[in-house]
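[1] Below are the sequence and a predicted model; questions follow.
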Amino acid sequence: MDWEDLLDPLHPLLRREIVKYGEFAQATYDAFDFDSFSEYCGSCRYNRNKLFEKVGLEGSGYVVTKYIYAMSHIEMPQWLEKSHLLDTWSKDSNWMGYVAVSDDLETRRIGRRDIVVAWRGTVSPAEWYEDFQREMEPIGAGDAKVEHGFLSIYTSKSKSTRYNKSSAAEQVMEEVKKLVEFYRGRGEEVSLTITGHSLGGALALLNAHDAAVAIPDLPVTVISFGAPRVGNIAFRDELQRLGVKTLRVVVKQDLVPRMPGVVFNETLQMFEEITGTLEWIYTHVGVELKLDINSSPYLKRRFNPLGFHCPETYLHLVDGFSSSSLTFRSDARRDVALVNKCCDMLVDELRIPPSWYQLENKGLVRNEHGRWVKPKRDPEDIPSPIGEENAFPSPNSDPEKLSRIQH
């Protein structure tokens, strides 16, 4: 897909698709257990069969087939959520996203069987990027290099762990290959769309590179939100050569897309005749859709790095964007209250409290003695590495197992 002529003004059908994939990325936050007093902190609060129902995406036209877990061999502050308790579901890994596939109805609407990978990021502002080791590491063949910290999250594994005996990269590619083989075996056209916000957008590019190399004739698209730079110019050029289509959604006031490489970035390429090829500078990939906080009459104008970076802020601005020369759409459809899920961006006149999205009573329930306690998770929602094995039914599976996709 070529987006240049569809972004400004923004084509209504493309807006719909951008919001759709943005909501898939948002789901990774809505379902994530951030509670450091829970033994399941860092996991998904729901099993994959209930995920979309619990986060309000049951009508999305997609079915989750696989959960992805990640770890890192280097110290990465804040991205890895850990419980304060000694006895936890995992001391090394976090739930990092999921793989889903379009059902028959959505497949007919978009004209292909669409595989989606949604990567979880972080809603924290830009400070934690400063903690990354700024060195680049080679990826693939040639001169392509990517940020060491991102690659560590994507590729780290350890036989001593329960959830990362295989890396996030291996988990996701095994599932993608399985789905591609399954649906192509039925004579269907298949595509892969990878999405993510912030850190998730960085992992999406690494995933796209892997997929384009491993399955050369598979259409691969990345739609990212508030993502940082990932690699050097050679990495960007290699993704282009592989045919990966990338759309970066960026809010003008957001700091994260400016990193790493606040000073030394793709703007130096104009001096290449003087400096030569700069293998060590970071560069963005793909086409940019730039949004502006000031375009929305519903958003506060004060400096708010967390609010600028929140994925719901991005989705609100996409929904209201018509073109750079027009005002915010009066017929924007997304609920404005969603913006304040995890931040304080809405004007006070709307009377929407900040950071309102949380479990009832912060997850506490009354037990039979009338005392407030943390409930036990439903057994089916407890993370299980065994449950993730062979998650997607094989071509020889009972047809009833495919009923959630084939309807």
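    Looks like it arrived, so ask away.
[2] State whether Val318 is indeed within a helix.
    Yes. According to DSSP: H, G, I helix; E, B strand; the rest coil, Val318 belongs to a helix.
[3] Might one say that it is in contact with Lys20?
    No. Using CB atoms under 8 Å, Val318 makes no contact with Lys20, being 10.5 Å away. Glycine gets a C-beta too; all of them are placed from N, C-alpha and C.
[4] center of the protein - which residue?
    Gly196 (2.1 Å; CA atoms, centre = their mean).
[5] Angles on the backbone of that one, please.
    Dihedral pair for Gly196: phi 180, psi 160, per degrees, to the nearest 10.
[6] Can you name the residues bridging to it?
    Applying DSSP bridges to Gly196 gives these bridge partners: Trp119, Ser224.
[7] and Val318, how far is that from Leu247?
    11 Å (CB to CB, to the nearest Å).
[8] Spit out the residues that contact these two alike.
    18, 289 (CB atoms under 8 Å, 6 or more residues apart in numbering).
[9] From Leu338, how far out is the residue nearest to the centre of the chain?
    From Gly196 to Leu338 the distance is 19 Å (CB to CB).
[10] And for Glu53?
    18 Å.
[11] Pick out whichever of those two has more residues nearby.
    Leu338 (22 against 11; other CB atoms under 10 Å).
[12] Tally up the residues packed near the closest residue to the more buried one other than its chain neighbours, please.
    The shortest distance from Leu338 to any non-neighbouring residue, by CB to CB, 6 or more residues apart in numbering, is to Glu312 (5.0 Å). Counted with other CB under 10 Å, residues neighbouring Glu312 total 27.
[13] List the residues that contact Glu312.
    Contacts of Glu312 by CB under 8 Å, 6+ apart are 26, 338-343.
[14] And for Asn361?
    Counted by CB under 8 Å, 6+ apart, Asn361 has contacts Trp372.
[15] Surely it is within a helix?
    Yes. Assignment of Asn361 by three-state DSSP places it within a helix.
[16] Starting from Pro375, give me the distance back to it.
    For Asn361 relative to Pro375 (CB to CB), the value is 10 Å.
[17] go on, Val213?
    The spacing between Val213 and Pro375, counted by CB to CB, is 45 Å.
[18] quick one: which of those two has more around it?
    Per other CB under 10 Å, whichever of Val213 and Pro375 has more neighbours is Val213, with 15 against 10.
[19] Now do the helices in the chain.
    Counting by DSSP state H, one finds helices in the chain at the ranges 12-30, 51-54, 104-110, 148-155, 168-184, 199-214, 233-241, 272-275, 305-309, 311-320, 385-388.
[20] TSV for the ones you listed, including mean pLDDT and distance to Gly42?
    Output for the helices of the chain, formatted as TSV (pLDDT from 0 to 100; distance: least, CB to CB, whole Å):
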stretch	mean pLDDT	distance to Gly42
helix 12-30	97	12
helix 51-54	97	16
helix 104-110	97	31
helix 148-155	91	13
helix 168-184	98	14
helix 199-214	97	14
helix 233-241	95	29
helix 272-275	44	43
helix 305-309	94	21
helix 311-320	98	19
helix 385-388	69	14
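[21] As TSV, the ones you listed with distance to Tyr98 would be great.
    TSV is the format used below for those (distance: least, CB to CB, whole Å):
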stretch	distance to Tyr98
helix 12-30	7
helix 51-54	7
helix 104-110	16
helix 148-155	15
helix 168-184	9
helix 199-214	11
helix 233-241	23
helix 272-275	40
helix 305-309	22
helix 311-320	16
helix 385-388	10
